[in-house]
Structures are given as structure tokens and as C-alpha cells.
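K.L.:
Show me how the following folds:
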Amino acid sequence: MFKTYSFLAFLALAIAPVATRAQAWPDKPVRLVVPYAPGGTTDFSARLVAEALGQQTGKSFYVENKAGASGTIGTSQVARSAPDGTTFLVNDTTYAMLPSLFAKLPWDYANDLVPVTTLAVTPVVLVVPANSPFKTAQELIDYARKNPGKLNFGSGGNGSSTHLSAEVLKKEGKFSLTHIPYKGAGDAMVGLLGNQVDLLITAAPTAVPQVQGGKVRALAVTGDKPLPSLPNVPTFKDVGLPGYTVTNWFGLAAPKGTPKAIVDQLQGEVKKAMSNPKVLERLGAMGASPGGIPSAEFAGFVQKETKLWTDISKSAGVRPE
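P.N.:
Next up is the predicted model:
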């Protein structure tokens, strides 16, 4: 009997630090790694949630940008990080595209990261420079069909959501465009502002401020109706492309081995943040819907998205590097 009680006491002491740490989380600053350059919607989503979580918990949440290689540099860094609740990945639609874009990823796609929850889901917007000769989507489409390959589009990198979103548009619109990759959607927007590219398809939060500031012109948006923030911009259905229904999502993932208690707590905190009126107002102004879904549901969603974008990549003729 004494030996049994001694063993149980030892076991309780051994697991106490782990349990205490999970309950006390976060007891250190929490890093949210964005695998793209600043300025894009992934960065916007990360900074919005970091601010909200900091105010909610009274703890430190901060964003770190690690751009390059279509997001694989920052993602790989998080996959190799200690599973102690201090480092998380802010991923997006591009994450579901990576398996069809790279013959071999520098981490185990299926096992090295744990889905936590979504942050936001947004429509995408077709934008051109403010001084573009194209005043409507139909004008652009007509020109592209008559002049194959003469127009180019910017993207956040080879295989990024902004890249494949344009590939889907090319297929739906039956025209060709030349691809100009950047290190992130924010950089691609800078390229558009500098007239280095003719058009860009990007998530609404990246596009809306530039449109409202008169720096770019929006020609079409995905969804069943115009965005409240862009009420005069028609939908792709309105301009004759009803099959173009692309959206972007943004979420959080944790390194494999992160305690479930921490993952569940973070998901709960994000869900709470997404009900904050100020957060909802900022998301709504950008045409985004709030996230916060359970981790298991997010995991299933990522699996479906991965299959969807794998099929799209094959159809678009995108070859793994």
C-alpha cells in the first residue's frame, strides 16, 4: 500500500508543472508568426487578434513577420518551435495550397502543426491602379481576351492565395495573364500602387483601405452582394463570372505537442475576441466575417481546403517545385 501511494504522489509531482503551466498560460509573451511581409490581410488579422487578446488577458501577444518562399520559411520555423504555448503560426488559404506547390515541404504537413481556430474569412477584390485605363471589370476582361498575356498580375508569391486566386480567374474568364510574384500581398499592393503590375486579386482587408483612399480602383468582389465598405463595386456574378467564388481564410496553428489545454484556451480566447464589438466593427469595415471555430472543426476545414486547392492547382497546370 505504501509503495502504491508513494508512486501516485511521485506521479502527481511529475505532472504538476505541466498542468500548472497549461492553467497559467500565457505566463510569457506569446509570438504570432506571420509568414509574409507586413501589410497584407494575414498581417492585418494577426495584429487585430494580438491586440484583442492582449487587452482580454492582460498578457503580451506580439506579431513577428518571417516572409519568404510562399510562407514556408515562417511556417517551418513555427513547426520547429518548442510546443510550450509561446509560439503560434498565423496561416491562411495559402497553407492549404502548399502541398500541391512543393514536391517536399520542410516540415511534415499532416503532423507538425495543430490547427487552433480561424480568425476571419474574407471575400477577394479585383483591383487595378487608380490611373488604369480599365474603368470596369468588363473592359479589363475584354482587353485580356483580345490581348493574351499582355496584362500582368501581382501576387504574394508563387503558389500564394493571391496567385492561385488569379489562376482561377483566368480559367473562369477564359483569358491569360502574366504572373509577377512578390514576397507578400502587401508588397504586391505596393507593386500595384507603383504601376509595376496591371491588376491584383487580394483579400478585402488589403484592398479596402487603398480603394477608399483613392489609390487603387476596385472592379469586382466575390460574394452574393457588394461589400458595405465598397457599395458601388459589383460582384463577379454581376460582371458575368458567376463561377468565380474564391474567398480567403485566416487562422492559427500551434507546433505539434502543444498541450491541448493551451490550444483549447487560445481557441476560447479568440472566440471571445471575435464577439468584441470593436473587433467586429473593424472586420465588418473590411468585409471580413469573424472566426473562432473549434479546433477539430478547423482541422476538418483545412483538410477540405487542401483537397480543393490541390485540384485547382492541377487544373491550372501549376507544377510542384
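
K.L.:
Give me the pLDDT for residue 71.
P.N.:
Note on residue 71: pLDDT of 89.

K.L.:
which one is residue 131 nearest to, not counting chain neighbours?
P.N.:
Nearest residue to residue 131, sequence neighbours excluded (C-beta to C-beta, 6 or more residues apart in numbering): residue 195, at 7.2 Å. Quick note: C-beta positions are derived from backbone N, CA and C, even for glycine.

K.L.:
One more: residue 286?
P.N.:
Per C-beta to C-beta, 6+ apart, closest to residue 286 is residue 205, 3.7 Å.

K.L.:
Now do the same contact list for the residue most central in space within the chain.
P.N.:
By C-alpha atoms, centre = their mean, the chain has its centre lying nearest to residue 92, at 2.4 Å. Shown in contact with residue 92 (C-beta atoms under 8 Å, 6 or more residues apart in numbering): 41, 42, 45, 71, 161, 248, 249, 250, 251.

K.L.:
any idea which element residue 72 lies in?
P.N.:
Using DSSP states H and E, the element containing residue 72 is helix 72-79.

K.L.:
related to what we said a few turns ago, compare the contacts of residue 92 and tell me which is most surrounded.
P.N.:
residue 42 (37 neighbours; other C-beta atoms under 10 Å).

K.L.:
Do I have it right that it meets residue 89?
P.N.:
No. If you go by C-beta atoms under 8 Å, residue 42 and residue 89 don't touch, sitting 10.1 Å apart.

K.L.:
intersection of neighbour lists for the two?
P.N.:
With C-beta under 8 Å, 6+ apart as the test, residue 42 and residue 89 both reach residue 35.

K.L.:
And residue 184, how far from residue 194?
P.N.:
15 Å (C-beta to C-beta, to the nearest Å).

K.L.:
Check residue 68 too.
P.N.:
21 Å.

K.L.:
So for these two, which residue has more residues nearby?
P.N.:
More crowded of residue 68 and residue 194, by other C-beta under 10 Å: residue 68, with 14 against 9.

K.L.:
For stretch 214-232, give the mean pLDDT please.
P.N.:
Stretch 214-232 comes out at a mean pLDDT of 94.

K.L.:
can you list the residues that contact that stretch?
P.N.:
By C-beta under 8 Å, 6+ apart, stretch 214-232 touches 123-130, 132, 134-137, 140, 189, 192-193, 200, 204, 207-208, 210-212, 233-239, 241, 244-247, 284-287.

K.L.:
follow-up on the earlier one: quick one: pLDDT of the residue nearest to the centre of the chain?
P.N.:
93.

K.L.:
Show me what it bridges to in the sheet.
P.N.:
residue 250 (DSSP bridges).

K.L.:
chain center to the longest strand along the chain: distance?
P.N.:
Among the segments of the chain that qualify as a strand by DSSP state E, the longest is strand 113-129. Here the centre of strand 113-129 is set off from its chain's centre by 4 Å, with C-alpha atoms, centre = their mean, to the nearest Å.

K.L.:
Please state the mean pLDDT value computed over it.
P.N.:
On average, strand 113-129 scores 96.

K.L.:
strands paired with that strand, and their directions?
P.N.:
strand 199-203 (antiparallel), strand 216-221 (antiparallel), strand 247-255 (antiparallel), strand 289-290 (antiparallel).

K.L.:
quick check: angle from it to helix 72-79?
P.N.:
160 degrees (axes from the mean of the first three to the mean of the last three C-alpha atoms, to 10 degrees).

K.L.:
After strand 113-129, which helix or strand is next? Please name it.
P.N.:
Strand 113-129 is succeeded, C-terminally, by helix 137-146 (DSSP H and E).

K.L.:
helices and strands around the next helix or strand after that next one, which ones?
P.N.:
Using DSSP H and E, the helix or strand that follows helix 137-146 in sequence is strand 152-155. Using 3 or more C-beta pairs under 8 Å, 6 or more residues apart in numbering; DSSP states H and E, the elements in contact with strand 152-155 are helix 161-173, strand 178-181, helix 185-193, strand 199-203.
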